[in-house]
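Undergrad: I need the structure of the sequence given here:
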Amino acid sequence: MKSINNLIFGILALVFLSSCSSSNLLDYSTTCLCKVTENFSASTDEEDNSTKEFIFTNSPLFKLGVLKYDFALNMAILINQDIKIDSLTTLKITVDKGNSNIKSYKFYSSELKNMTPKHTEIHNIISSFVENTYTGDFHKCKENLGFDIEDEKLNSIMTKIKKGLNHEYVQTKMISFKKTRENIYHIYGGILTSDETLDLFKMQFKEIDNRLQIVEFSF
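TA: Coordinates of the predicted model:
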């Protein structure tokens, strides 16, 4: 696994007001470190489904290993939870990297709803893991691990991670989401702090004993 160590970027929170609340758009902008805009196309005689599009422009995340589709899927799940896309509306996530380098992905409410429970479970786990790292409750971090590790070794690893974290923690964000054929979930997460920076980390999850557990992590 490629290690990511304390990569920090200032957040560009340029948000355009639209039918989605400005607070939601601001939240999305802090997830992508970029400008976020929204468009809506009504259904026509030729096209039954209306389309709600969110455009993410010039995000630096994709230079750090985050895959565009995994990012788009993650954002689609989050947006669908916020604004409840109906069955007749297509959700379109567009990644605009500039210089005509534009990629769009379409999602439907039914498929996003099916992914939401696991997505939410993982989000809760990574938030707890990060919060327990900040407080030094490493034994609680261990409860979410799906592999054996000696306490002394884990404490050494987690102490190094804690020392590298920014102070004044705000929240943990899901940056990308992917499920493989082997039922392994791959995510990028981000630790948002009060000085408007984001530290990236990677985790892999697998269902063990009927619950998702961390099988690999890298900060």
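
Undergrad: gap between residue 114 and residue 122?
TA: Distance, residue 114 to residue 122, by CB to CB, to the nearest Å: 15 Å. Bear in mind the C-beta positions are built from the backbone N, C-alpha and C, glycine included.

Undergrad: between those two, which is the more surrounded one?
TA: The neighbour comparison of residue 114 against residue 122 (other CB atoms under 10 Å) goes to residue 122, with 19 against 10.

Undergrad: who touches stretch 146-157?
TA: Residues outside stretch 146-157 that contact it (CB atoms under 8 Å, 6 or more residues apart in numbering): 138, 139, 141, 142, 145, 205, 206, 208, 213, 214, 215.

Undergrad: an error on my part: the question was meant for stretch 116-130.
TA: Applying CB under 8 Å, 6+ apart, the contact partners of stretch 116-130 are 74, 77, 80-81, 140-141, 144, 169, 171-172, 174, 177, 179, 185, 187, 189, 191, 203, 205, 212, 214, 217.

Undergrad: so where's this protein uncertain?
TA: The model of the chain has pLDDT under 70 over residues 1-21, 43-48.

Undergrad: can you add distance to residue 59 and neighbour count and give the contacts of stretch 146-157 back as CSV?
TA: Output for the contacts of stretch 146-157, formatted as CSV (distance: CB to CB, whole Å; neighbours: other CB atoms under 10 Å):
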residue, distance to residue 59, neighbour count
138, 32, 18
139, 36, 12
141, 29, 22
142, 33, 17
145, 31, 16
205, 24, 25
206, 28, 16
208, 33, 13
213, 30, 16
214, 26, 22
215, 28, 15
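
Undergrad: make CSV out of the residues you listed and add distance to residue 49.
TA: CSV is the format used below for those (distance: CB to CB, whole Å):
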residue, distance to residue 49
138, 49
139, 50
141, 44
142, 47
145, 43
205, 33
206, 35
208, 39
213, 38
214, 38
215, 38
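
Undergrad: so residue 98, which of the three states?
TA: Under DSSP: H, G, I helix; E, B strand; the rest coil, residue 98 falls in the coil class.

Undergrad: what's the closest non-adjacent residue to it?
TA: Closest residue in space to residue 98, ignoring its immediate chain neighbours: residue 58 at 5.6 Å, by CB to CB, 6 or more residues apart in numbering.

Undergrad: burial measure for the one you found, as a count.
TA: Neighbour tally, residue 58, other CB under 10 Å: 14.

Undergrad: now do residue 116
TA: Using other CB under 10 Å, residue 116 has 14 neighbouring residues.

Undergrad: got it, and residue 25?
TA: Residue 25 sits with 21 neighbouring residues when counted by other CB under 10 Å.

Undergrad: chain center to the host helix or strand of it: distance?
TA: In this structure, residue 25 sits in helix 22-32 according to DSSP states H and E. Helix 22-32 has its C-alpha centroid displaced from the chain centroid by 12 Å (CA atoms, centre = their mean, to the nearest Å).

Undergrad: quick thing: my sequence starts at 22, can you match it?
TA: New numbering, starting at 22: the last item is helix 43-53.

Undergrad: show me what counts as buried in that helix.
TA: 45, 46, 48, 49, 50, 51, 52, 53 (16 or more other CB atoms under 10 Å).

Undergrad: summarise which helices and strands it is packed against.
TA: When contacts are defined as 3 or more CB pairs under 8 Å, 6 or more residues apart in numbering; DSSP states H and E, helix 43-53 sits against strand 56-62, strand 71-78, helix 89-104, strand 190-200.

Undergrad: just checking, the residue nearest to residue 119 touches residue 116?
TA: No - counting by CB atoms under 8 Å, residue 116 is not a contact partner of residue 79; they are 9.7 Å apart.
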